[in-house]
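Participant: let me see the structure of the following:
(chains A and B)
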Number of protein chains: 2
Amino acid sequence: MRLPPSAALAHRHARIRESLEALSLDALIVTPPANIRYLSNHAGSAGSLVLTRDAAHLLIDFRYRESVRGLQDSPAACPGLRVWEVPASYEEALLACLTDVGVATVGFEGAHVSVARHEWWRDTIAARGLDIALRSTERIVEQARVIKDASEIDTLREAASRLARVFPAMLRSVRAGETERRIAGVIEATMRDAGYERMAFDTIVASGPHSAMPHYRAGTRVLTAGDLLVLDFGGVLDGYCCDLTRTVSIGSPSREARRVYDAVRDAQQAAVAAVRPGVDSSAVDAAARDVLQERGLGDAFGHGTGHGLGLEVHEEPRVIRRRPDAPSVPLAPGMVFTIEPGAYLPGFGGVRIEDDVLVTDTGCEVLTTVPRELLAL
Amino acid sequence: MRLPPSAALAHRHARIRESLEALSLDALIVTPPANIRYLSNHAGSAGSLVLTRDAAHLLIDFRYRESVRGLQDSPAACPGLRVWEVPASYEEALLACLTDVGVATVGFEGAHVSVARHEWWRDTIAARGLDIALRSTERIVEQARVIKDASEIDTLREAASRLARVFPAMLRSVRAGETERRIAGVIEATMRDAGYERMAFDTIVASGPHSAMPHYRAGTRVLTAGDLLVLDFGGVLDGYCCDLTRTVSIGSPSREARRVYDAVRDAQQAAVAAVRPGVDSSAVDAAARDVLQERGLGDAFGHGTGHGLGLEVHEEPRVIRRRPDAPSVPLAPGMVFTIEPGAYLPGFGGVRIEDDVLVTDTGCEVLTTVPRELLAL
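Facilitator: Numbering: from 1, shown residues only, chains lettered A, B, ... in the order given. A predicted model of the protein is given here:
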């Protein structure tokens, strides 16, 4: 697996430490797996990371001893790493680490720590008379993650570009008589053959009336002539996610199917054309929404236009309608996200078209290069 | 998809309402997808459910309108359901629902609500002068979920029993010269052909030295004569999870490989034999651990012996070492969990053997019926 080099991690640590400095914090407790991985290259389902002004304390259990040892012997070693193997309770180990390291004012991620966990920390610190003050923080690591660095862009570009091989290969199995679930199996086998380590989310193969349900997955329905078929899938390559949707027709599309398809394609292209640095992410959403509104499909598009891609398949930035109470999110070079408007007509069917884009210095690079014309299969 | 009938949901609601009564709560805000599904049969990635003394208020967005409508027209309809379609913000919609329904003392799930979310609720309620008091609750829905009802047991039994077809079918592809990732692809294709809607977790195919890493997944290593090969995979059928691990030998096993295998198998069988109602779950863990200790492999077994299975692949009960500060967890009929001891020797390799069991009135039923002898392939 290709991992970001130690120097990239050092840069990320420096960025987080600027935030610690600004907030007068001695350390940040990092708990979501994607944030831990971003700062350490360690990928595990459990664990915590405590980033201090001069070290990265990783709390792991027995299961990860070997993999962390291997990581630290590689060019992707985490700089300043100190490993704490947790004997029994992660919570006890965390307090032991904070006490031993001697940090007094410690941030935690308010969006990722539960009320119950925080209560245990707070009550135990008080009961033991420890000199630790906990402070809730907001999006410190997420704010860094939203702008991808060079190693991340390389990986995201590669993950998205491989879809150009997968899509035509899997299409050979798409025909009337096959089931949705069988097509999903072909997609997943083709993705694995293309080198993705796993699927980024549950594959969606939604045929006929099912295509009107944006979050349908794949079932036992048999593809039938006249169906619209929504194919939405993505893979993880070296930890990073890609996400693609195409809609095809089984047999010749009806006039109405073609009309809806053209509207969604035009909306999607309008949104892609709106991407450039400085533009608010909601303007990209509006570009797609306006086209669908003009074509009488405004009410048929009920979800957001896109979401960030990176170590997680849904991350910042969200490309959605501007809410009066939400801050604006100006696009900046290095952001990577999906653009995926759709139109869903209950009983008839639906269309969604999705690409992954990178914001560049002057506009945008479309990372997914799969053709966008309506295919009849 | 086979779903629990309305009557089963009514019984679950009654059980939760007993807890509300005992805690003097007018309602419970339910937020994790598995808990929402358990109480409503609605499976979505977003949403909230507010269970009051006489209704179940489901907050969904546009994307789920069609699927909830279909659900409510079926024998699996959620009793007392009222659907609230969220126009923009789930948090605003939740407060609007609580206000409209007129509940004053409302529980939320402390383990599932983040500090940031709770702060927003608390501050907004105060700023608007709403008459709502929020109280953190612990494991109300989880405590109900730990004992499976008849429809759940049927589904879990079917999910586990299908593995008896999958395992021999996928074994035909296991041979020296294949890569781990290719075997993982065969497992996943075979699972899908057997009717599972998706994998329950990332498939583990760990060969040779990789088998010493309990949470390795599957990579590009080529299987080689003399390898131990750990195969750990599971599927989701009608929403419920199964989980199986077998370890095989590529070519003839060495004397040491056989010794480790026999120790783990004996440990696993000892743990299975320890399962019966009233026994503490930690006694099942101890039964496995004692055998490995006797064989000089105590230090080679660093994880817990098992975890509950249901709508989630890791749920209660945990079958782990007894911690001095943790309450005992006596087993009871209707609990379903894995038993999966292992031994991991860095540089040499590892063995893990895992079955899924149901606690019965008198002992235990092993749901996974795949042979346990060491196969040389």
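Participant: distance between the ends of stretch A:62-82?
Facilitator: Its first and final residues considered, stretch A:62-82 spans 15 Å by C-alpha to C-alpha, to the nearest Å.
Participant: again with stretch A:33-50
Facilitator: 13 Å.
Participant: and it, which residues are buried?
Facilitator: A:33-44, A:47-50 (16 or more other C-beta atoms under 10 Å in any protein chain shown). C-beta here means a position set from N, CA and C on the backbone, and glycine is covered the same way.
Participant: within reach of chain B, which of those residues are there?
Facilitator: Counting by C-beta under 8 Å from any C-beta of the partner chain, A:Gly44 from the buried residues of stretch A:33-50 sit close to chain B.
Participant: ranges for the helices of chain A?
Facilitator: Taking DSSP state H to define them, one finds helices in chain A at A:6-22, A:33-40, A:65-72, A:90-101, A:115-128, A:140-145, A:150-161, A:163-171, A:180-193, A:255-273, A:281-294.
Participant: does anything pack onto the first one? Which helices or strands?
Facilitator: Under the contact criterion of 3 or more C-beta pairs under 8 Å, 6 or more residues apart in numbering or on different chains; DSSP states H and E, helix A:6-22 touches strand A:27-30, helix A:33-40, strand A:48-52, helix A:140-145.
Participant: which one of those lies nearest to B:Pro168?
Facilitator: Closest to B:Pro168 of the helices and strands packed on helix A:6-22 is helix A:33-40 (C-beta to C-beta; 34.6 Å).
Participant: packing partners of that closest one?
Facilitator: Judged by 3+ C-beta pairs under 8 Å, 6+ apart, the packing partners of helix A:33-40 are helix A:6-22, strand A:48-52, strand A:56-60, helix A:140-145.
Participant: swap in 6 Å and give it another go.
Facilitator: Applying 3 or more C-beta pairs under 6 Å, 6 or more residues apart in numbering or on different chains; DSSP states H and E, we find helix A:33-40 packed against strand A:48-52.
Participant: what about the closest residue to chain B within the stretch 201-350 of chain A, distance to A:Ala160?
Facilitator: Closest contact between the stretch 201-350 of chain A and chain B, by C-beta to the nearest C-beta, is at A:Gly302 (2.9 Å). Distance, A:Gly302 to A:Ala160, by C-beta to C-beta, to the nearest Å: 26 Å.
Participant: compare these two (neighbour count), which wins?
Facilitator: For A:Gly302 and A:Ala160, the more surrounded residue by other C-beta atoms under 10 Å in any protein chain shown is A:Ala160, and the numbers stand at 29 against 15.
Participant: ok, the more buried one touching A:Asp355?
Facilitator: No. Look at A:Ala160 against A:Asp355 with C-beta atoms under 6 Å: they stay out of range, at 8.4 Å.
Participant: what sits in contact with each of the two?
Facilitator: A:Thr368 (C-beta atoms under 6 Å, 6 or more residues apart in numbering or on different chains).
Participant: need the nearest residue in space to A:Gly103, chain neighbours excluded.
Facilitator: Gly isn't right for residue A:103; it's Val. The shortest distance from A:Val103 to any non-neighbouring residue, by C-beta to C-beta, 6 or more residues apart in numbering or on different chains, is to A:Asp26 (3.9 Å).
Participant: now do the contacts for the one you found.
Facilitator: A:Asp26 touches A:Val103, A:Ala104, A:Thr105, counting by C-beta under 6 Å, 6+ apart.
Participant: and for A:Leu377, the neighbour number?
Facilitator: A:Leu377 has 15 neighbours, counted by other C-beta under 10 Å.
Participant: not counting its neighbours along the chain, what's nearest it?
Facilitator: Closest residue to A:Leu377 apart from its sequence neighbours, by C-beta to C-beta, 6+ apart: A:Val174 at 5.0 Å.
Participant: tell me the spacing between the one you found and A:Glu180.
Facilitator: From A:Val174 to A:Glu180 the distance is 10 Å (C-beta to C-beta).
Participant: how about A:His314?
Facilitator: 23 Å.
Participant: these two: who's more crowded?
Facilitator: A:Glu180 (25 against 15).
Participant: the more buried one: what's it in contact with?
Facilitator: A:Glu180 makes contact with A:Val205, A:Ser207, A:Ala218, A:Gly219, A:Arg221, according to C-beta under 6 Å, 6+ apart.
Participant: dump the residues you listed into JSON lines; add distance to B:Ile147 as well.
Facilitator: Putting the contacts of A:Glu180 into JSON lines (distance: C-beta to C-beta, whole Å) gives the following:
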{"residue": "A:Val205", "distance to B:Ile147": "35"}
{"residue": "A:Ser207", "distance to B:Ile147": "38"}
{"residue": "A:Ala218", "distance to B:Ile147": "31"}
{"residue": "A:Gly219", "distance to B:Ile147": "30"}
{"residue": "A:Arg221", "distance to B:Ile147": "34"}
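Participant: need the contact list for the residue of the stretch 51-200 of chain A found nearest chain B.
Facilitator: The stretch 51-200 of chain A approaches chain B most closely through A:Phe62 (2.9 Å), counting by C-beta to the nearest C-beta. Contact partners of A:Phe62, counting by C-beta under 6 Å, 6+ apart, are B:Gly302.
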